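**Q** structure of the sequence below:
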Amino acid sequence: MTEQQSRPLALDEEHRRLGARMVAFAGWQMPIQYRGIRAEHEAVRQRAGLFDVCHMGELHLRGPRALEVTNTLLTNDVRAIADGRALYSCCCNDSGGVLDDVIAYRRSDQDVLVVCNASNREKMRDHFERMARGRCEFEDVSEATSLLALQGPQAFAVLRAAQSSIEEPGLRRFAFASGVVAGVSCTVARTGYTGEDGVEIFCAPRDVARLWSSLLEAGSALGAEPVGLGARDTLRLEACLPLYGNELTEETNPLEAGLSWVVKFDKREFLGRAALERARSSLARRLVGFEMLGRGTARHGYALLGPAGETVGFCTSGTPSPTLGKSVGLGYVPESMAPVGGRLFVDCRGKPIEAVVVPTPFYRRARSH
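**A** Next up is the predicted model:
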């Protein structure tokens with residue numbers, strides 16, 4: 001999809017005023033970078049970065065059976081968390097393939113908001129609507145919802161500088177609360193997609209430009225800056241957070257993707273359960289992390305080779321890691337090649353470059369408590 005065929009975000013003028021380079025992504029015109037990918041990546045790791053994620057989809061389920069319907073759709077268990085808490089999950093088809101990976105926010109036992117990927121919004125909307133029909137109310141509220149992500153070790157300091165009514169001690173990881181930030185009514189969730197601490201902030205579209213500008217202004221003295229899609233990808237890859245269309249597709253299941261922790265076999269039926277029950281006893285392949293030993297960068301779609309040069313798998317994501325100073329990647333390989341320390345080769349445009357399987361995530365932030 002070209003830039004001319006994609007839709008502008010509500011903050012399009014703000015991004016262009018800040019000098020962002022815009023690209024077409026998931027049907028939207030998105031900022032890929034402002035100051036540069038490496039500089040923005042380091043800002044998030046060391047200080048704070050602000051992301052426009054208004055393109056994400058928001059699906060709302062309400063009514064006495066809202067939790068039941070949500071649990072039928074998701075592999076994780078929304079009944080196991082309290083009101084005001086969120087969880088990460090996969091949504092599978094009958095064959096166990098991943099339709100999308102989502103975050104579900106339990107507002108009450110009759111009110112659940114599910115955030116899905118922008119590229120899957122129509123598919124997920126139709127899927128949720130079909131499953132909710134006759135059981136609970138369903139509405140795609142994406143157009144009525146804006147979402148910003150403030151990430152990094154100084155994220156809560158930026159919130160305080162912006163006069164937030166929601167403070168760090170009262171907001172646990174994967175918790176959310178309603179409040180006011182910079183005079184804007186919003187919901188603040190301690191979630192994110194960077195491997196750093198931080199928040200995601202939901203607000204009305206009419207308020208998002210004011211909130212964006214206020215957060216950047218309040219955070220300027222703390223080194224906060226806007227961050228685009230480019231650094232969002234390098235950050236999530238260092239933290240080994242999957243990207244739909246790369247690590248997760250309808251042809252992959254959450255077990256081989258290393259997400260067995262979000263598949264709750266002890267709850268009632270959910271879509272894909274029978275297929276996943278069969279798959280978990282004999283996984284043929286696994287998603288692994290690897291470091292390049294030779295000079296070269298693994299990229300999405302590159303073949304992974306065995307010792308005799310035979311194709312054994314494929315790279316799902318790869319990048320030079322700004323934090324680690326080495327090239328890393330994720331990819332699917334046979335179970336026999338998955339143990340840490342195993343060697344493989346990456347076919348970098350016809351040239352095999354040696355790599356080694358390493359523990360994941362590649363990067364894990366130091367925790368203060």
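
**Q** where does this structure have its least confident helix or strand?
**A** The weakest-scoring helix or strand in the chain, judged by mean pLDDT, DSSP states H and E, is strand 7-8 (a mean of 92).

**Q** what's the next helix or strand after that one packed up against?
**A** Toward the C-terminus, strand 7-8 is succeeded by helix 12-17 as the next helix or strand (DSSP states H and E). Secondary-structure packing of helix 12-17 (3 or more CB pairs under 8 Å, 6 or more residues apart in numbering; DSSP states H and E): strand 21-25, helix 208-219. All C-beta atoms are positioned from the backbone trio N, CA, C, and that covers glycine.

**Q** so what's the gap between helix 12-17 and the chain middle?
**A** 24 Å (CA atoms, centre = their mean, to the nearest Å).

**Q** before we move on, what about stretch 79-87?
**A** 19 Å.

**Q** state the mean pLDDT of that stretch.
**A** Averaged over stretch 79-87, pLDDT sits at 98.

**Q** what do you get for stretch 162-178?
**A** So the average pLDDT for stretch 162-178 ends up being 94.

**Q** how long is it from one end to the other?
**A** 15 Å (CA to CA, to the nearest Å).

**Q** tell me which residues in that stretch are buried?
**A** 162, 164, 166, 171, 174-176 (16 or more other CB atoms under 10 Å).

**Q** same check on stretch 194-206?
**A** Those would be 194-203, for stretch 194-206 by 16+ other CB under 10 Å.

**Q** so residue 165 is in which element?
**A** Using DSSP H and E, no helix or strand contains residue 165.

**Q** that one and residue 48, how far apart?
**A** Plainly put, residue 165 is 19 Å away from residue 48 if you go by CB to CB, to the nearest Å.

**Q** and stretch 272-280, how far from the chain's centre?
**A** On CA atoms, centre = their mean, the centre of stretch 272-280 falls 24 Å from that of its chain.

**Q** which residues touch it?
**A** When contacts are defined by CB atoms under 8 Å, 6 or more residues apart in numbering, stretch 272-280 is touched by residues 75, 92-97, 253-256, 260, 263, 265.

**Q** which ones among these map onto strands?
**A** residue 92 (DSSP state E).

**Q** how about the contacts of stretch 272-280, which pair is most distant?
**A** Using CB to CB, these span at most 19.0 Å, a distance reached by 94 and 260.

**Q** of the two, who's got more company?
**A** The neighbour count for residue 94 versus residue 260, taken as other CB atoms under 10 Å, is higher for residue 260 (16 against 10).

**Q** okay, now the nearest residue to residue 224 once chain neighbours are set aside: neighbour count?
**A** Leaving aside its chain neighbours, residue 224 sits nearest to residue 48 (3.9 Å; criterion: CB to CB, 6 or more residues apart in numbering). Other residues near residue 48 come to 27 when the count uses other CB under 10 Å.

**Q** state the phi and psi torsions of residue 48.
**A** phi -160, psi 150 (degrees, to the nearest 10).

**Q** from the opening residue of stretch 165-177 to its closing one, how far?
**A** 10 Å.

**Q** name the residues that touch it?
**A** Here stretch 165-177 has contacts from 84-88, 105, 156, 159-160, 179-181, 187-191, 199, using CB under 8 Å, 6+ apart.

**Q** I'd like to know which elements the least confident helix or strand of the chain is packed against.
**A** Partner elements for strand 7-8 (3+ CB pairs under 8 Å, 6+ apart): strand 28-33.
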